[in-house]
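Colleague: could you work out the structure for the sequence below:
(chains A, B, C and D)
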Protein chains: 2
Amino acid sequence: MRNSKPTLQDVATAAGVSTATVSRCINQPAQVKEKLRDKVNEVINRLGYAPHGAARALASRRSHTIGAVIPTIDNGIFANGIHYLQRGLSEANFTLLLASSNYSLDEELREVRSLITRGIDGMVLIGEEHHPEVYEMLDRHQVPVVNLWTYNSQSIHSCIGFDNAAAGRKIAEHLVNMGHKDIAVISGIQIDNDRARERIEGVRQYLQEKGLELKPELVRECRYSAEQSSLALTELIVAGHPFSAVICGNDILALGALSALRQLDIPVPKTLAVTGFDNLEITAALSPSLTTIDVPARRMGTLAATYLLNCIQTGNRDITRVQLPADLKVRETTDMTHSM
Amino acid sequence: MRNSKPTLQDVATAAGVSTATVSRCINQPAQVKEKLRDKVNEVINRLGYAPHGAARALASRRSHTIGAVIPTIDNGIFANGIHYLQRGLSEANFTLLLASSNYSLDEELREVRSLITRGIDGMVLIGEEHHPEVYEMLDRHQVPVVNLWTYNSQSIHSCIGFDNAAAGRKIAEHLVNMGHKDIAVISGIQIDNDRARERIEGVRQYLQEKGLELKPELVRECRYSAEQSSLALTELIVAGHPFSAVICGNDILALGALSALRQLDIPVPKTLAVTGFDNLEITAALSPSLTTIDVPARRMGTLAATYLLNCIQTGNRDITRVQLPADLKVRETTDMTHSM
DNA sequence: GTTTAATTTGTAAGCGCTTACAAATATTGT
DNA sequence: ACAATATTTGTAAGCGCTTACAAATTAAAC
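Modeller: A predicted model of the protein is given here:
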């Protein structure tokens, strides 16, 4: 076997053609005559030639790579959407560069910068709020970007997602309809997290409209960890302000809340109703099963792939805004009469 | 602002030095005198220069990129480990190229090929069993590889993981100690999945040693989905062969099983004990909480980053095998006296 | 103050590929 | 049959960077 991997040149020489022809066989096969093409392909296979991505990217100014930076890959929340994003890209022979920001816009900026240096052809971010320099850099490098997990009809950037505030309202509405008046909230850290802020704002607004109030002493912020949430809820209970329902910022927080309630022997939903957000696969299998918002993770991932691929192919930079449904899944943690 | 992004050349010209010097300022700052270096850095900042990844990769034969192909990103099972892998890489200014194989070795091969074309400097795979061509290609391209989620002291490839068979044995041992004799298994699809096979094999062996038997009619294979598992367990029960415990191939399957049992009003663990595998964060928060194997996902991810980075820096290609503990977490689904 | 060695900088040759453009070949119309 | 046109192939100039090597500068030794 040859010492090092064969290059385009090696193939060209072995096939007795020019490098341009070989390149065309690979990239625009229609442009080269069948006979020659077969011959070249035969040589390619015989030599086990594989194009060199970096060289290709350098010469063509296209890396066939798209970047995504998500808050965390730690749990299933975003992983699910990313899974379908990746599948979509893979089908088109694109590769996913994945980074995480740990819910920090500064870290996000760093990762975006790194990805741009890598020459990504497109970018996926979560939420609409990003470091201003992020948008600036993407713009300067002409990298199309799409924000997921968010929808804002006024946004000056493309987004594929759902209305977080409306989802928050839905939860509040459901609880109010079930007769709850004193509602607590365990939210994720709101700084650098527009989704968390909007969800809670939706709740607040709905309550206000109904003449109710989201009392500050019933609102807690904590990291997205079941353990932290357990603690937060326990504190809330110990603090003594009465409440009959707790809205959790996502399913992980709800899990933690349920776990705390079980330890405290507080019946759910009889004494305390609980809601989550995301509809992780497991939430339906819980006992009691969790009332939550069904986030269209799969579609967001798939559509993001389609959208970016299209931008790249056509050069189209029009901004697109896609609103997907995010429906409430009423289950046992808010409604014991609920049948799975 | 300049029409297009500044290049190394632009920086060199603006700073009145050669491109070599600018390159050195970036890559080996120690080699250039402080005064000159400051001047160059000033220009770099002023121009907002950012190196071009592909060009760099082409010239240096280093992409500063490592690839991972995992069975699925869909749920938290692997995502967690990948999270820490990514963090480790990011710290060293490396980027993660992520792909998924859908538990198919053929798809895995395709993705590996694609990643190699991209010029990755290192590779992370799950399990030891891969398409032979995978190993061949990695070898030919001199890409260091490490297998995660598996440990085999005899392996001719580097691995960082745990002994799946031993973990299976631990589960069986625990159940037998709890008095179970008729044990059912809901496993993931075993073809193309050495971890699943080993786990079940561990169970089988332990039972055999104890004079017990893993009855074929009590073993079901299904996709790693809670729903599929629900179905499988229901079938198992309907089939009528008695059993008092069911070992599930992972936590997702266990979730599905628990959900089915709840619907059938079968008390856990009284009538049927259940075990999982992976110790997803949520399993402790379940009710009843799930007995499972605590997989060292975080450490596997972190160590994989360290290992590959080291291989790349030093050029060392020695194979390394790291065995991490994977302990049984006894919880309520097998032991009602268990306190969280 | 030389000579010699060590350090800093510059020169220029690629890395492997794509792609304008030119040249060669094939196709069509008359 | 020949010119005019369309199609296929080749030529060669980069893409933006790294790095061996040479040249220039500085430091150390005598």
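
Colleague: what's the average pLDDT for stretch A:101-111?
Modeller: Stretch A:101-111 shows a mean pLDDT of 95.

Colleague: before we move on, what about stretch A:279-293?
Modeller: 90.

Colleague: hang on, A:V124 is in a strand, isn't it?
Modeller: Yes. Judged by DSSP: H, G, I helix; E, B strand; the rest coil, A:V124 forms part of a strand.

Colleague: pull the longest helix from chain A.
Modeller: helix A:297-314 (DSSP state H).

Colleague: would you confirm that A:P29 contacts A:D38?
Modeller: No. The criterion here is Cβ atoms under 8 Å, and A:P29 misses it with A:D38 at 10.4 Å. (Glycine included, C-beta is placed from N, CA and C.)

Colleague: can you pull the pLDDT of the closest residue to DNA strand D within the stretch 51-200 of chain A?
Modeller: Proximity of the stretch 51-200 of chain A to DNA strand D (Cβ to the nearest atom of the strand) peaks at A:A59, 3.5 Å away. With respect to pLDDT, A:A59 has a value of 94.

Colleague: any idea how many residues pack against it?
Modeller: Counted with other Cβ atoms under 10 Å in any protein chain shown, residues neighbouring A:A59 total 12.

Colleague: how about stretch A:13-21: buried residues?
Modeller: Going by neighbour count (16 or more other Cβ atoms under 10 Å in any protein chain shown), the buried part of stretch A:13-21 is A:A14, A:A15, A:V17, A:T21.

Colleague: next one: stretch A:106-123
Modeller: Quick answer for stretch A:106-123 (16+ other Cβ under 10 Å): A:107-112, A:114-123.

Colleague: among those, name the ones in helices.
Modeller: Going by DSSP H, the helices hold A:E107, A:E108, A:L109, A:R110, A:E111, A:V112, A:S114, A:L115, A:I116, A:T117 from those.

Colleague: and for the first one, nearest residue in space, chain neighbours not counted?
Modeller: This means A:E107. In space, and not counting its chain neighbours, A:E107 is closest to A:S101: 4.4 Å by Cβ to Cβ, 6 or more residues apart in numbering or on different chains.

Colleague: residues contacting the one you found?
Modeller: By Cβ atoms under 8 Å, 6 or more residues apart in numbering or on different chains, A:S101 lies in contact with A:V69, A:I70, A:P71, A:E107, A:E108, A:E111.

Colleague: of those, list those near DNA strand C.
Modeller: By Cβ under 7 Å from any atom of the strand, no member of the contacts of A:S101 lies near DNA strand C.

Colleague: and which of these is nearest to chain B?
Modeller: Sorting the contacts of A:S101 by distance to chain B puts A:E111 at the head of the list, at 6.9 Å, by Cβ to the nearest Cβ.

Colleague: pretty sure that closest one contacts A:N102?
Modeller: No. Under the criterion of Cβ under 8 Å, A:E111 is not in contact with A:N102, lying 9.7 Å apart.

Colleague: got the residues of chain A near DNA strand C?
Modeller: Taking Cβ under 7 Å from any atom of the strand, the part of chain A that reaches DNA strand C is made up of A:4, A:7-9, A:19-20, A:23-24, A:26-27, A:49, A:51-52, A:55-56, A:58-60.

Colleague: looking at those, which are in helices?
Modeller: A:8-9, A:19-20, A:23-24, A:26-27, A:55-56, A:58-60.

Colleague: show me which of the residues you listed are buried.
Modeller: A:L8, A:S23, A:R24, A:I26, A:A55, A:R56, A:L58.

Colleague: of all those residues, which two lie farthest apart?
Modeller: Greatest spacing in these, by Cβ to Cβ: A:R24 and A:L58 (18.2 Å).

Colleague: and A:V185, what helix or strand is that in?
Modeller: strand A:183-187 (DSSP states H and E).

Colleague: sheet partners, orientation included, of that strand?
Modeller: strand A:219-221 (parallel), strand A:245-248 (parallel) (DSSP bridges).

Colleague: ok, residues contacting that strand?
Modeller: With Cβ under 8 Å, 6+ apart as the criterion, strand A:183-187 contacts A:172, A:175, A:196, A:199-200, A:203, A:207, A:212, A:214, A:218-222, A:229, A:232-233, A:236, A:243-249, A:253, A:257.

Colleague: kindly report the same for stretch A:194-205.
Modeller: With Cβ under 8 Å, 6+ apart, stretch A:194-205 has contacts from A:126-129, A:149-150, A:163-172, A:183, A:185, A:187-190, A:214, A:219, A:247, A:249, A:277.
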